[in-house]
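In: Only the shape, not the letters, is given here:
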């Protein structure tokens, strides 16, 4: 097949493009902005040139399919030409479904934890030499690509994002995969630009659960009231399998899972312990015994930017995390504080998403940084302006977070200087963002700190 990707630089899009090339497809792609590591991965495989951008000459009648990413606009010149030629246009979730119709589809959903649970499942399955396809939302240790699509794998593990599928398809991605086995880790309102009310947001997960056939299974977190309510809905007719936080202990900065024996873990935090139990339930449905799961999960080191250790010495550690929504902030900060209770915790969040910079949503952050000893908020006023949102100021941010201790920065150089000047003996630093703090090199800063 000849396939062209419009907006090939996305996390999932570039991974699918690479997987299809490995499958023997003829793949081309375009984008007007591609960041690392997508750019290097695409160039290494000859899927993007030195210069890139939109070009309607990329679209021609010999193409079997066009895959459209969310980064493209509805008036994109390549998309308009594809429509004019009557080519088959897929969102990437639609295309993934087409590639996996003959397989058992396991879809991992939830407002938080889905990337980590997906990564845990893949780690265990790989260690037991299972043959499987997958799509994950972050780079994974031991995997060359975030996507694998083959003919022979009997099942596929999919990270199920609830965001929109494409500029032409306003359905949530995880609805399009048609899960045989689905997992919901938790529900906390997000994507206010798409789901204007909490009820509207929750409804997307209810639809996801109701789509699972009677012969399938919904695995769900019992500790989340909204998830529990969905699972107990009579319209969810599949089998149901719940999980909760397991027994554990923390000793000398290491978390031990207590499951017939003590298993030292490479991750920590109660949210990750729940994630482990969700992954255990899925793996068991795929034939992995608890014994084999426990033998494998101890070596799981985490997905990229999920409480990822950047640098450390005997008294200080620097971590980065993808946390950006209120529920993720609470879970991530609490996890690090409980893991190192004797250390002072500097916790910094970059407000970067549409929701986090929107005054109609910012009140959701009230009290989210209470566990941090030094809570810090960073945002760039130009990002607010670019998203065409109402201007914010430092006083407003402190009011929304309801924390008088909060230090607010709007210049990444000033933030860096402040952090570099602190006394780090007996302290930890946690940097949280779905962005990059406007180019601040956390790796270089961490080297100075430790």
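Out: Right, received. Where do you want to start? Fair warning: this is a prediction, and the values are worked out from it, not measured in the lab. Numbering: from 1, shown residues only.

In: I'd say residue 381 and residue 392 touch.
Out: Yes. If you go by CB atoms under 8 Å, residue 381 and residue 392 touch, sitting 7.1 Å apart. For the C-beta atoms, the positions are set from N, CA and C on the backbone; glycine is no exception.

In: Which one's more surrounded, the two?
Out: residue 392 (20 against 13; other CB atoms under 10 Å).

In: What about that one? Give its phi and psi, please.
Out: phi -120, psi 160 (degrees, to the nearest 10).

In: Now for it: which residues touch it?
Out: 357, 359, 379, 381, 384 (CB atoms under 8 Å, 6 or more residues apart in numbering).

In: Out of these, which two sit at the greatest distance?
Out: Checked with CB to CB, those reach their widest spread between 359 and 381, with 13.9 Å between them.

In: Stretch 424-444 spans what distance, first to last residue?
Out: 15 Å (CA to CA, to the nearest Å).

In: same deal with stretch 396-409?
Out: By CA to CA, one end of stretch 396-409 lies 13 Å from the other end.

In: which outside residues touch that stretch?
Out: Counting by CB under 8 Å, 6+ apart, 351, 359, 362-363, 365-370, 374-379, 394, 415, 418 sit against stretch 396-409.

In: repeat for stretch 230-247
Out: 184, 187, 202, 205-206, 209-210, 212-223, 228, 257-259, 270, 273-274, 276-278, 280-281, 285.

In: counting contacts, what elements does whichever helix in the chain runs longest pack onto?
Out: What stands out as the longest helix in the chain, according to DSSP state H, is helix 270-285. Helices and strands touching helix 270-285, by 3 or more CB pairs under 8 Å, 6 or more residues apart in numbering; DSSP states H and E, are strand 104-109, helix 114-127, strand 181-184, strand 217-221, strand 239-243, strand 254-258, helix 290-297, helix 326-339.

In: now with 7 Å?
Out: The helices and strands touching helix 270-285, judged by 3 or more CB pairs under 7 Å, 6 or more residues apart in numbering; DSSP states H and E, are helix 114-127, strand 181-184, strand 217-221, strand 239-243, helix 290-297, helix 326-339.

In: Tell me which of those sits most buried.
Out: The highest mean neighbour count among the helices and strands packed on helix 270-285, using mean count of other CB atoms under 10 Å, belongs to strand 181-184: a mean of 28.

In: now that one: mean pLDDT?
Out: Mean pLDDT, strand 181-184: 98.

In: Which stretches in the stretch 301-450 of the chain count as helices?
Out: Remark: helices assigned in the stretch 301-450 of the chain by DSSP state H, counting those that start in this stretch are 326-339, 359-362, 381-386, 394-401, 412-420, 442-449.

In: For these, give me TSV that also has distance to residue 264.
Out: Below are the helices of the stretch 301-450 of the chain laid out as TSV (distance: least, CB to CB, whole Å):
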stretch	distance to residue 264
helix 326-339	13
helix 359-362	39
helix 381-386	41
helix 394-401	35
helix 412-420	31
helix 442-449	24
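
In: Throw those helices into JSON lines and include distance to residue 33 and mean pLDDT, thanks.
Out: Output for the helices of the stretch 301-450 of the chain, formatted as JSON lines (distance: least, CB to CB, whole Å; pLDDT from 0 to 100):
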{"stretch": "helix 326-339", "distance to residue 33": "25", "mean pLDDT": "94"}
{"stretch": "helix 359-362", "distance to residue 33": "25", "mean pLDDT": "92"}
{"stretch": "helix 381-386", "distance to residue 33": "13", "mean pLDDT": "92"}
{"stretch": "helix 394-401", "distance to residue 33": "28", "mean pLDDT": "93"}
{"stretch": "helix 412-420", "distance to residue 33": "19", "mean pLDDT": "97"}
{"stretch": "helix 442-449", "distance to residue 33": "22", "mean pLDDT": "95"}
